[in-house]
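Novice: predicted model and sequence below, questions to follow.
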Amino acid sequence: MLKPPPLRNDCFALPAGVDWAPVDQALANLRDRMVPVVDQEEVTLSAGVGRVLAQDVTASRSSPPYANTAVDGYGFAGAIAHESGVVTLPLVSGRAAAGEPFAETVPYGSALRILTGAILPKGVDTVVLQEDVTTDGQQIAFHGPLKQGANTRKAGEDIVAETTVLTKGRRLTAADMALLASVGVDKVCVYKTLRVGVLSTGDELCEPQDSPRKGQIYDANRPMLLALIAQFGFVPVDLGIAQDDRDQLKAALDQASEQCDVILTSGGASAGDEDHMSAILRDTGSMALWRIAVKPGRPLALGVWKGVPVFGLPGNPVAAMTCTLIFARPAMAVLAGADWHQPQGYLVPADFNKNKKSGRREFLRARIGAKGVQVFKSEGSGRVSGLSWATGFVELSDEAQAITQGDLVRYIPFTSFD
Ligand code: AMP
Ligand code: MG
């Protein structure tokens, strides 16, 4: 199986002259430039759920493979019952059941006991429901008319042999297991699961089990990002906390690039004195500081460290989560071999009023209430409690300026990102 080439060093470069990129442009750039970075492997079907298909899958057999009955009843040649009136047919001895085909031909004008899932024997193209029949064991009687073909399933009516049932890039669901099994697929070619490293950066950070010194805060981003990675179906790799020290950061990225396919860092991503992450990425020549017209959001520092893409997220937890869901999530889907990920949003009446600047996309922490979608009382991007309160985002378009209670707004549940 082929190993994909590494990402190009300039994969995050912005077109010349772009200063503030609209969200759609930032997303279009990621969509264009990201490619799968993981190897492929073959796994048994049962190990395939949640994995991303690396090749299209073709049905080796039709489903159903043979015409069969959809109900328990009596089968016969339908031409005899196409008119209204009482139909009386003698019964042939024997029966057809699922997995137990009837080997002989049913003569025209006779009927055969037939049970759900049984192949239609020669001479049978129509089945009458047992509830609609009276019988003495020798013959049956029912009221016509009955449409020819009634209560039967045609061969291949669901899936035709040799057609593509699932395409490359599909993340396999539980229902896909049934689909693939039903056409005799027992092995699938999938991508290896993307390994995503999560590194927090900042001299002020400590672990929840530590006793904080004055000026220290607990690292909230790392547990959140590790959990999101797992929810996306990737392998989270905990890279710990790095101080605001360039040598330490470089060592952390060196180690991370050996174990991970992509690295998410938080903190130190802007252009200030203590923004070491963007500084060391800049030294690689691969860095692009994306100023995206989005709130909450600070610049995203994107770069490639020893061939591994790095998403330098803002330190504020709200901005870190928003940027992860909106930008890193779909990019990582492509890195993992999957189709571009478009979160599903729904139009819901606003249960709030708000004015905003035009020319900037806003993602508000939101939850559904009785009168529509509500937003968190504060927009401060350090307020972790609002993230936890929310069940999704309200996405306000770049152009929107005034939202009045009752206006339809786009609500995106957090589960849409999984
Ligand atoms: P920075 O992006 O490094 O300038 O950080 C912006 C803000 O986010 C500062 O108030 C940081 O203390 C805070 N911050 C950075 N990293 C984390 C983290 N892992 N958990 C909680 N807050 C953080
Ligand atoms: Mg910092």
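Specialist: Alright, I've got the coordinates. Residues are numbered from 1 along each chain as shown. Ligands and ions are numbered 1, 2, ... in the order given.

Novice: okay, CA-based contacts and neighbour counts for the rest of this
Specialist: Will do.

Novice: could you report the pLDDT at Leu2?
Specialist: Leu2 carries a pLDDT score of 68 in this model.

Novice: which strands border the lengthiest strand in the chain, and is each parallel or antiparallel?
Specialist: The longest strand of the chain (DSSP state E) is strand 85-96. Using DSSP bridges, the strands paired with strand 85-96 are strand 111-114 (parallel), strand 139-144 (antiparallel).

Novice: could you check those and tell me which one is nearest ligand 2?
Specialist: Among those, strand 111-114 comes nearest to ligand 2, with 73.0 Å by CA to the ion.

Novice: got a list of contacts for the helix or strand following the closest one?
Specialist: Past strand 111-114, further along toward the C-terminus, the next helix or strand under DSSP states H and E is strand 126-129. Identification of contacts with strand 126-129 by CA atoms under 8 Å, 6 or more residues apart in numbering yields 69, 71-78, 146-152.

Novice: ligand 1 contacts on the stretch 301-418 of the chain?
Specialist: Counting by CA under 6 Å from any ligand atom, the residues of the stretch 301-418 of the chain lying close to ligand 1 are Pro314, Gly315, Asn316, Pro317.

Novice: and the last one, how far from Tyr218?
Specialist: Per CA to CA, to the nearest Å, Pro317 is found 11 Å from Tyr218.

Novice: what about these two, which has more around it?
Specialist: More neighbours surround Pro317 than the other of Pro317 and Tyr218, with 23 against 15 (other CA atoms under 10 Å).

Novice: my read is that the more buried one contacts Ser385, right?
Specialist: No: contact criterion CA atoms under 8 Å: Pro317 and Ser385 do not qualify, at 10.2 Å.

Novice: residues from this protein in reach of ligand 2?
Specialist: The chain comes close to ligand 2 at residues Gly202, Gly267, Gly268, as judged by CA under 5 Å from the ion.

Novice: which pLDDT value belongs to the second one?
Specialist: Looking back up the chat, that one is Gly267. On the pLDDT scale, Gly267 is placed at 95.

Novice: backbone dihedrals for it, both of them.
Specialist: phi 90, psi 150 (degrees, to the nearest 10).

Novice: any idea how far it is from Val43?
Specialist: 38 Å.

Novice: looking at those two, which is more packed in?
Specialist: Neighbour totals were compared for Gly267 and Val43, and Gly267 leads with 24 against 16 (other CA under 10 Å).

Novice: contact partners for that one?
Specialist: Ser200, Thr201, Gly202, Asp275, Met277, Gly312, Leu313, Pro314, Gly315, Asn316.

Novice: quick one: which two of those residues are the most distant?
Specialist: Comparing every pair within these by CA to CA identifies Met277 and Asn316 as the most remote, at 14.7 Å.

Novice: which one of those two is surrounded by more residues?
Specialist: Neighbour totals were compared for Met277 and Asn316, and Met277 leads with 29 against 21 (other CA under 10 Å).

Novice: what pLDDT does the more buried one get?
Specialist: If you check Met277, the pLDDT there is 93.

Novice: go on, Arg8?
Specialist: As predicted, Arg8 sits at a pLDDT of 86.

Novice: helix, strand, or coil at it?
Specialist: Put simply, Arg8 is coil when judged by DSSP: H, G, I helix; E, B strand; the rest coil.

Novice: for the one 3 residues further on, same thing?
Specialist: Put simply, Cys11 is coil when judged by three-state DSSP.

Novice: now the farthest one out in the chain, which residue is it?
Specialist: Gln138 (55.9 Å; CA atoms, centre = their mean).

Novice: quick one on the thing from earlier: in CSV, list the residues of the stretch 301-418 of the chain next to ligand 1 along with pLDDT.
Specialist: Below are these laid out as CSV (pLDDT from 0 to 100):
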residue, pLDDT
Pro314, 94
Gly315, 95
Asn316, 95
Pro317, 95
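
Novice: among those, which lie within helices?
Specialist: The members of those that map onto helices under DSSP state H are Pro317.

Novice: can you tell me which of the residues of the stretch 301-418 of the chain next to ligand 1 is closest to ligand 2?
Specialist: Gly315 (6.3 Å).

Novice: how about the backbone phi and psi for the residue in the stretch 51-200 of the chain positioned nearest to ligand 2?
Specialist: Minimum separation of the stretch 51-200 of the chain from ligand 2 (CA to the ion) falls at Ser200, amounting to 9.1 Å. Geometry field for Ser200 lists phi and psi as phi -100, psi 140, criterion degrees, to the nearest 10.

Novice: swap in Ser182?
Specialist: For Ser182, the backbone dihedrals are phi -70, psi -20 (criterion: degrees, to the nearest 10).

Novice: contacts only, for it.
Specialist: Ser63 are the contacts of Ser182 under CA under 8 Å, 6+ apart.

Novice: now stretch 404-418: how far from the chain's centre is it?
Specialist: 18 Å (CA atoms, centre = their mean, to the nearest Å).

Novice: name the residues of the longest helix belonging to the chain that are buried.
Specialist: Using DSSP H to assign secondary structure, the helix with the most residues in the chain is helix 246-259. Residues of helix 246-259 classed as buried: Arg246, Leu249, Lys250, Ala252, Leu253, Ala256, Ser257, Gln259 (neighbour count, 16 or more other CA atoms under 10 Å).
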